[in-house]
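Asks: Sequence plus the predicted model coming up.
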Amino acid sequence: MFEITCKSKKSKARTGKLHTAHGVIDTPAFMPVGTQGSVKAVTPLQVKEIGAQIILCNTYHLYLRPGLAVIKKAGGLHKFIHWKRPILTDSGGYQVFSLNDLRDIDEAGVTFKSHLDGSAHVFTPESVVHIQRQLGSDIMMVLDECAPFPCDLEYARRSNAMTVRWAERCKLAVENQGPLYGHSQALFGIVQGSVYPEIRTQSAQALVRIGFDGYAIGGLAVGEPAEVMYHIIDVCQTVLPTDKPRYLMGVGTPANLIEAVSRGVDMFDCVLPTRNGRNANLFTRTGTINLRNAKYKADFTPPDGECGCYTCRTFTRAYLKHLLQVKEILGLQLATIHNLWFYLWLMREARNAILAHGFSAWKTETLQRLDSEKEDKETMSTSL
């Protein structure tokens, strides 16, 4: 399922190929987030043309709307959303646990109330496997508890112990529930343990003993300092098997991705490129620009002069600022196209650098360039 094609000589970065029923994913890879079966503001064809090899969809949201009966009748999620490439579905655990007062957790699973209408639902390790079987994703995730940050040592210990037990039940459920649409589905375990290295180590060791097709590192980028996150990644990578894909969930900024690649991470997802684009923040090779800034009103240069995406080949910062200011849908679309292209370009560049045995130098140069334009020091206008 996963083959390593090249390893960096001066870091833990590596390139690989993750084989799925709907195509091969070159790693390191970034997955655009299509929470409700759609990457916001862009079509599936545009996502493909931008270069995405895989997208992420959300079990919790799709379970509530449109519901499993509709997706199953359509022939699975791939057909329903007209995406022929791989899909990863998370278990819905993070969304459920973010409901706070609307859910209760016990050994059996999670009882929660829908954020839509207050109706009661239950997610168990077995049921989230059943849901993801009906969605037909290429990669399924186990049910886990994402511990809040901060939390004390004992809470993190109890939470992770339950997450491990849930993971084992998910593995058994996969063995007892076959796929529905004639293609195989992988199952990834999720390492938890908050910011406590000893618990992270125990979590990774336990999941490796159970045995999964890949391993995710969850519960990070939830408020802890970046250096703490990087240390936890290092701790996990010393335990996780080198011949399985490693997925850092919900992370992060371009610098976060580069640092994580250097530590051996293979897969990423994050809402930043789409969310920030819709809020007038564009990622460029010299840092982030905020089109709310008044100085862009008559700036007729492309968002990123070296970028090869459709947005930068065709339009200017002034025009994008205008579109976003007057709330034209095209502005959201063009900003999203650019930001997604940037993230996918960054992963391609990382892969190329590793293959050329020049990753360490590329990392240093790229991080310096990304930090060269400080938008937060600029005077912002009160509106677009």
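Replies: That came through fine. Residues are numbered from 1 along each chain as shown.
Asks: Pull out the buried residues from the helix of greatest length in the chain.
Replies: The helix that spans the most residues within the chain, counting by DSSP state H, is helix 329-355. By neighbour count on 16 or more other C-beta atoms under 10 Å, the buried set for helix 329-355 is 331-347, 350-351, 353-354. (Glycine included, C-beta is placed from N, CA and C.)
Asks: So which elements touch the helix or strand that it is followed by?
Replies: For helix 329-355, the following helix or strand on the C-terminal side (DSSP states H and E) is helix 359-370. For helix 359-370, the elements it packs on are helix 254-262, helix 329-355, judged by 3 or more C-beta pairs under 8 Å, 6 or more residues apart in numbering; DSSP states H and E.
Asks: Quick check: buried residues in helix 359-370?
Replies: 359-360, 362-363, 366, 370.
Asks: Can I get it in PDB? Just the C-alpha atoms.
Replies: Provided in PDB are the C-alpha atoms of helix 359-370 (Å, rounded to 0.1, in the frame of the first residue of the first chain):
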ATOM      1  CA  PHE A 359      15.900  19.200   1.100                       C
ATOM      2  CA  SER A 360      17.800  20.700   4.000                       C
ATOM      3  CA  ALA A 361      19.000  23.700   1.900                       C
ATOM      4  CA  TRP A 362      15.600  24.100   0.300                       C
ATOM      5  CA  LYS A 363      13.900  24.100   3.800                       C
ATOM      6  CA  THR A 364      16.200  26.900   5.100                       C
ATOM      7  CA  GLU A 365      15.800  29.000   2.000                       C
ATOM      8  CA  THR A 366      12.000  28.500   1.800                       C
ATOM      9  CA  LEU A 367      11.400  29.300   5.400                       C
ATOM     10  CA  GLN A 368      13.500  32.500   5.100                       C
ATOM     11  CA  ARG A 369      11.500  33.600   2.000                       C
ATOM     12  CA  LEU A 370       8.100  32.800   3.700                       C
END
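Asks: quick one on the thing from earlier: pLDDT of the longest helix of the chain, averaged?
Replies: Averaging pLDDT along helix 329-355 gives 98.
Asks: by how many degrees do that helix and helix 254-262 diverge?
Replies: 30 degrees (axes from the mean of the first three to the mean of the last three C-alpha atoms, to 10 degrees).
Asks: Of the helices and strands packed on helix 359-370, which is nearest residue 198?
Replies: helix 254-262 (21.3 Å; C-beta to C-beta).
Asks: how's the protein carved up into domains?
Replies: For the chain, the domain assignment from automatic domain parsing gives the residue ranges 2-269, 276-377.
Asks: Just name the most buried of these.
Replies: domain 2-269 (a mean of 19; mean count of other C-beta atoms under 10 Å).
Asks: what's the first-to-last distance across that one?
Replies: 18 Å (C-alpha to C-alpha, to the nearest Å).
Asks: can you give me the strands for the stretch 201-350 of the chain?
Replies: Using DSSP state E, counting those that start in this stretch, the strands of the stretch 201-350 of the chain run over residues 214-217, 246-248, 267-269, 281-284, 287-290.
Asks: Show me the contact partners of the first one.
Replies: Among residues not part of strand 214-217, those counted as contacts by C-beta atoms under 8 Å, 6 or more residues apart in numbering are 2, 18, 139, 141, 186, 188-191, 204, 207-208, 232-233, 236, 240-241, 244-249, 265, 267.
Asks: try 7 Å
Replies: 2, 141, 186, 188-191, 207, 233, 236, 240, 244-249 (C-beta atoms under 7 Å, 6 or more residues apart in numbering).
Asks: Also the third one?
Replies: Among residues not part of strand 267-269, those counted as contacts by C-beta under 7 Å, 6+ apart are 27, 29-31, 33, 56, 245, 247-251, 257.
Asks: Tabulate those residues in JSON lines, adding columns for pLDDT and distance to residue 300.
Replies: Output for the contacts of strand 267-269, formatted as JSON lines (pLDDT from 0 to 100; distance: C-beta to C-beta, whole Å):
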{"residue": "27", "pLDDT": "98", "distance to residue 300": "38"}
{"residue": "29", "pLDDT": "98", "distance to residue 300": "35"}
{"residue": "30", "pLDDT": "98", "distance to residue 300": "30"}
{"residue": "31", "pLDDT": "98", "distance to residue 300": "34"}
{"residue": "33", "pLDDT": "97", "distance to residue 300": "32"}
{"residue": "56", "pLDDT": "98", "distance to residue 300": "36"}
{"residue": "245", "pLDDT": "98", "distance to residue 300": "43"}
{"residue": "247", "pLDDT": "98", "distance to residue 300": "41"}
{"residue": "248", "pLDDT": "98", "distance to residue 300": "38"}
{"residue": "249", "pLDDT": "97", "distance to residue 300": "40"}
{"residue": "250", "pLDDT": "95", "distance to residue 300": "36"}
{"residue": "251", "pLDDT": "96", "distance to residue 300": "35"}
{"residue": "257", "pLDDT": "98", "distance to residue 300": "31"}
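Asks: Looking at those residues, which are in helices?
Replies: Those of those mapping onto helices are residue 257, per DSSP H.
Asks: Nearest to residue 277 among the contacts of strand 267-269?
Replies: residue 33 (12.2 Å).
Asks: so that closest one sits right up against residue 57, yeah?
Replies: No - with contact defined as C-beta atoms under 7 Å, residue 33 does not count as touching residue 57 (8.3 Å).
Asks: end to end, how far does stretch 182-202 reach?
Replies: With C-alpha to C-alpha applied, stretch 182-202 spans 36 Å between its terminal residues.
Asks: ok, now stretch 98-107?
Replies: Span of stretch 98-107 from end to end, C-alpha to C-alpha: 18 Å.
Asks: Would you mind naming the residues that bridge with the spatially most central residue of the chain?
Replies: Against the mean C-alpha coordinate of the chain, by C-alpha atoms, centre = their mean, the closest residue is residue 269 at 1.4 Å. Here residue 269 sits in beta bridges with residue 31, going by DSSP bridges.
Asks: Give me the helix or strand of the chain that scores worst on average pLDDT.
Replies: helix 93-97 (a mean of 75; mean pLDDT, DSSP states H and E).
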